[in-house]
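Student: Predicted model and sequence follow; I will ask about them next.
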Amino acid sequence: MANPLKCDLCAKPATVHLTQIVNNKVHKVDLCETCAQAKGVTDPSGFSLADLLLKASLNPEQPTTGVRCEQCGFTQNDFKKHGRFGCPSCYETFKGIVEPMLDNMHKGTTHTGKVPQRALERKSLYDRLTKLELDLTEAIKSERYEDAARARDEISQVKQSVSSPPKSAR
Amino acid sequence: MTIASLIATPSELTDSASSKTAIVLMTRVRLARNLAGSAFPGWAKPAQREATLETCRAAVAATSPMKRSLNISIGELSELEKQILVERHLISRELIGAKSGAGVVISKDQAFSVMVNEEDHLRIQVLRSGFQLKKAWNAINELDSALEDHLDYAFSPTLGYLTACPTNLGTGMRASAMMHLPALVISNQMEKIVRAVNQLGMVVRGLFGEGSDASGSIFQISNQTTLGESEEEIIKRLHSVLQSIIEHELNAREKLLEADAGKLFDKIGRAYGILQNSHVLSSGEAMNLLSLLRLGIDLSIFPDASRCVIDRLLIEAQPGHLQHAQKGEFEPGQRDLLRAERLRAEFANFVRPDFTFSNSTGKN
Ligand SMILES: [Zn+2]
Ligand SMILES: [Zn+2]
């Protein structure tokens, strides 16, 4: 072992060595003095090994695809550069690179915690409303008046539950 | 509420006289949340950031814990005010470094703070003095649900709350405790503890693995992972890890007293002498001396009631607070003189140490 360890973030000799075991996998981060300082390893308020592990796992030599997030224009190269995503839709767009990463990073790969129930209900009502309004237009266009009447009834029902305050909707 | 009146009021953290706060000074739970359909702050255009800031500030201010809160954008704060808020754990250094369109809403009692456009659209946090993980989670859960009435969160049924960084996915929750562990530091056991805690999927922040310790033997222990477990499970696991760290600290204290009580008392007595008489004190040295006095309180060398004085000083000896109290700009060297002066005044009438009754380790 003649070669001293190199810093994971730049290429200078590493003097700070951190080891962590998550899900029986050993993760090592080696840093030079400068990067350790810059990353707040010596600052009690702001150091996250998870962030370092993330950065170290973003191997710049790995080939990237030209995929771009339709919602925000983010690319895989942007992720390599920032270690953060561009918008919530990026998780769908970059599923392929997120999934293998999660296994390494977290206790599990599926959310089992809190669900924003009220926000989701609200969203599903709005989605429903949009669909019903589409149905209504279609029905009128093709002169299916019974269907149109049904859609109109349902729309007023949904609208009523949307406009009532979410607290009383429980 | 204005920033001036907030700064003039002591923080939640400094209001902790009871012996319940002996080892765990403070509990904190933070949730990362984002708005559906908007780019994350780091990738959003300035106009989008401004729009998010406006939406979120209004929604946060409308919740009941945030009645008469401080609701301010980062651009409106002076450098010193920012530093004071960081020293009180109400905002992060990242928020200060954020681009335009960042802000914070802080409750009147400084228990809740919501950062807008930090790494995520929302970073909702609650601080509680002492060891109160479950209570802190209940409080933040309630505030989060109230916000949900007004905001559409980015959420996926499989990945949970969607966050800018994949390390926060799922619950988006970081629960932490700030612990005072002087005996583990003195007996060189911190490295071992850090390793053990890491293996349990928890993180220790603070200075470790080095000879010197400038953080007053105070460490933050928090969960590392956020996905694959419910909030309650994470809290439960963290709780038991903290409980076992407390036991290790108490054992270490007992061992130190058994092995050489005189040596430990000497450290505490000298710390008392230096705080009463020194003329130059760096922030690091002050923290370590205050830490030793805090240990003295746990060992009944000083009365329990003086713990809140020490906890207040642990914050007020920080550069930002010191500068604010002295009303002016100071070089670090000058600050060390001022700090010593300030602490001399505080300790001039501090109760004298009594080494005769110190046979307990702070266990009761
Ligand atoms: Zn480096
Ligand atoms: Zn995107």
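Tutor: Here it is on my side, so go on. Ligands and ions are numbered 1, 2, ... in the order given.

Student: could I get stretch B:171-179 in PDB with only the CA atoms?
Tutor: This file holds the C-alpha atoms of stretch B:171-179, laid out as PDB (Å, rounded to 0.1, in the frame of the first residue of the first chain):
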ATOM      1  CA  THR B 171     -40.800  10.600   5.500                       C
ATOM      2  CA  GLY B 172     -38.500  13.600   4.800                       C
ATOM      3  CA  MET B 173     -37.900  13.500   8.500                       C
ATOM      4  CA  ARG B 174     -34.800  14.200  10.500                       C
ATOM      5  CA  ALA B 175     -35.200  13.700  14.200                       C
ATOM      6  CA  SER B 176     -32.300  14.700  16.400                       C
ATOM      7  CA  ALA B 177     -31.200  15.200  20.000                       C
ATOM      8  CA  MET B 178     -28.500  17.500  21.200                       C
ATOM      9  CA  MET B 179     -26.500  15.600  23.800                       C
END
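
Student: Give the buried residues for stretch A:114-121.
Tutor: With burial defined by 16 or more other CB atoms under 10 Å in any protein chain shown, the residues of stretch A:114-121 counted as buried are A:114, A:116, A:119. Backbone N, C-alpha and C define where each C-beta goes, glycine included.

Student: Let's have those in JSON lines, adding pLDDT, distance to chain B and secondary structure.
Tutor: As requested, the buried residues of stretch A:114-121 are exported to JSON lines (pLDDT from 0 to 100; distance: CB to the nearest CB, whole Å; DSSP: H, G, I helix; E, B strand; the rest coil):
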{"residue": "A:114", "pLDDT": "95", "distance to chain B": "6", "secondary structure": "coil"}
{"residue": "A:116", "pLDDT": "91", "distance to chain B": "5", "secondary structure": "coil"}
{"residue": "A:119", "pLDDT": "74", "distance to chain B": "5", "secondary structure": "helix"}
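
Student: what's the helix or strand for the nearest residue to residue A:110 once chain neighbours are set aside?
Tutor: Spatial nearest neighbour of residue A:110, excluding adjacent residues (CB to CB, 6 or more residues apart in numbering or on different chains): residue B:158 at 5.5 Å. In this assignment (DSSP states H and E), residue B:158 forms part of neither any helix nor any strand.

Student: sorry, back to before: go through the buried residues of stretch A:114-121 and name the one nearest ligand 1.
Tutor: residue A:114 (38.1 Å; CB to the ion).

Student: Thought residue B:233 was touching that closest one, still the case?
Tutor: No. Judged on CB atoms under 8 Å, residue A:114 makes no contact with residue B:233 at a distance of 11.7 Å.

Student: where exactly do the strands run in the chain?
Tutor: In the absence of a named chain, this looks at chain A. Taking DSSP state E, the strands of chain A run over residues A:16-22, A:25-31.

Student: sorry, should have said chain B
Tutor: Under DSSP E, chain B gives strands at B:24-33, B:70-73, B:103-106, B:112-116, B:122-129, B:155-156, B:160-161, B:173-180, B:202-205, B:218-223.

Student: picking that back up, want to try JSON lines for the buried residues of stretch A:114-121, with distance to residue B:325 as columns?
Tutor: Below are the buried residues of stretch A:114-121 laid out as JSON lines (distance: CB to CB, whole Å):
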{"residue": "A:114", "distance to residue B:325": "41"}
{"residue": "A:116", "distance to residue B:325": "43"}
{"residue": "A:119", "distance to residue B:325": "44"}
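
Student: just how off-centre is stretch B:29-36 within its chain?
Tutor: Between the centre of stretch B:29-36 and the centre of its chain there are 19 Å (CA atoms, centre = their mean, to the nearest Å).

Student: Likewise for stretch B:35-49?
Tutor: 28 Å.

Student: Stretch B:164-175 now?
Tutor: That offset, for stretch B:164-175, works out to 19 Å (CA atoms, centre = their mean).

Student: Buried ones in stretch A:87-107, by neighbour count?
Tutor: Buried residues in stretch A:87-107 (16+ other CB under 10 Å): A:87-91, A:93-94, A:97-98, A:101-102, A:105-107.

Student: does any part of that stretch sit near ligand 2?
Tutor: Yes. With CB under 5 Å from the ion as the criterion, ligand 2 is reached by stretch A:87-107 at A:87, A:89-90.

Student: filter those down to the ones near chain B?
Tutor: residue A:87 (CB under 8 Å from any CB of the partner chain).

Student: Give the full set of residues in contact with residue B:252.
Tutor: B:183-184, B:186-187, B:189 (CB atoms under 8 Å, 6 or more residues apart in numbering or on different chains).

Student: List the residues that contact the nearest residue to it once chain neighbours are set aside.
Tutor: Nearest non-adjacent residue to residue B:252, counting by CB to CB, 6+ apart: residue B:183, 3.7 Å away. By CB under 8 Å, 6+ apart, the residues touching residue B:183 are B:249-250, B:252-253, B:255-256, B:295.

Student: Quick check: the gap between residue B:85 and chain A.
Tutor: To chain A, residue B:85 is 12 Å away according to CB to the nearest CB, to the nearest Å.

Student: Could you tell me what pLDDT the model assigned to that residue?
Tutor: For residue B:85, the model assigns a pLDDT of 94.

Student: leaving aside the residues next to it on the chain, what's closest to it?
Tutor: That would be residue B:91: by CB to CB, 6+ apart, it lies 4.5 Å from residue B:85.

Student: quick one: that neighbour and residue B:83 touch, right?
Tutor: No. If you go by CB under 8 Å, residue B:91 and residue B:83 don't touch, sitting 9.8 Å apart.
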